[in-house]
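1. Coordinates for the following, if possible.
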Amino acid sequence: MDAAAKKTVLRMFTYGLYAVTARNGDETSAMTVNWIMQSSFDPPMVTLAVEADSHSHRVIESGRAFAVNVYEAGQRELAGRLGMTWAKHPEKLAVLNGRAGPATGSPLLAEALGWVECRVVSSLASGDHVLYLAEVVEAGLNHEGAPLTLKDAGFKYGG
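-> Model prediction:
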């Protein structure tokens with residue numbers, strides 16, 4: 001396989017950027033993700049890929065729930081801060097401005113365009129990631145605006 005071509009083509013896939021947050025007891029996590037999609041209308045479900053060795057994976061796995069907060073265009077700095085690894089930057093959670101979600105307790109960002117809370121239905125190992133299939137159990141809008149994309153942020157992931 002041509003490794004350069006593979007990387008170039010996979011980086012042509014279009015993605016939004018989202019803050020995925022989770023809570024299990026007193027433990028909280030937040031990360032910037034782009035590998036997420038709606039996967040069912042009825043019931044409403046999403047599929048999320050999370051690095052298997054991440055702090056967020058551990059919190060989601062133990063709490064079996066998470067929230068997806070949609071970044072607004074122009075929130076590149078916030079996406080970058082929440083995209084840092086928890087192991088090196090546990091203080092990144094201090095930037096969270098919001099409240100606990102009504103269904104799962106996962107943090108909901110006041111700055112986000114909107115959010116959905118999800119309960120994990122199943123998971124599957126996928127290389128160095130874990131795929132979560134989760135049902136949307138609550139949703140809310142904070143304000144209107146355009147969502148932030150990976151390309152607009154200038155970030156590169158995958159490939």
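2. how near is the residue lying closest to Glu27 once chain neighbours are set aside to Arg23?
-> In space, and not counting its chain neighbours, Glu27 is closest to Val59: 5.5 Å by CB to CB, 6 or more residues apart in numbering. Yep, even glycine has a C-beta here, placed from its N, CA and C like the rest. Distance of Val59 to Arg23, computed by CB to CB, to the nearest Å: 7 Å.
3. The chain: helices as residue ranges?
-> 3-10, 55-63, 76-82, 150-153 (DSSP state H).
4. Can you say which of these is nearest to Tyr18?
-> Counting by CB to CB, Tyr18 lies closest to helix 76-82 out of these; the figure is 8.6 Å.
5. Flag every buried residue along that closest one.
-> 76, 78-79, 81-82 (16 or more other CB atoms under 10 Å).
6. swap in stretch 150-159?
-> Quick answer for stretch 150-159 (16+ other CB under 10 Å): 150, 153, 155.
7. sorry, back to before: and the residue nearest to Glu27, how many residues sit next to it?
-> Neighbour count for Val59, taken as other CB atoms under 10 Å: 24.
8. need the contact list for it.
-> The contact partners of Val59, by CB atoms under 8 Å, 6 or more residues apart in numbering, come to 22-24, 27-29.
9. how about low-confidence regions in the chain?
-> Counting by pLDDT under 70, the chain contains low-confidence residues at 157-159.
10. Chain neighbours aside, what residue packs nearest to the residue nearest the centre of the chain?
-> Centroid-nearest residue in the chain, with CA atoms, centre = their mean: Val20, separated by 3.0 Å. Spatial nearest neighbour of Val20, excluding adjacent residues (CB to CB, 6+ apart): Val33 at 4.9 Å.
11. is it true that the one you found touches Thr21?
-> No - using CB atoms under 8 Å, Val33 is not in contact with Thr21; the gap is 10.4 Å.
12. Same drill for those two, tell me which one is more crowded.
-> For Val33 and Thr21, the more surrounded residue by other CB under 10 Å is Thr21, and the numbers stand at 31 against 22.
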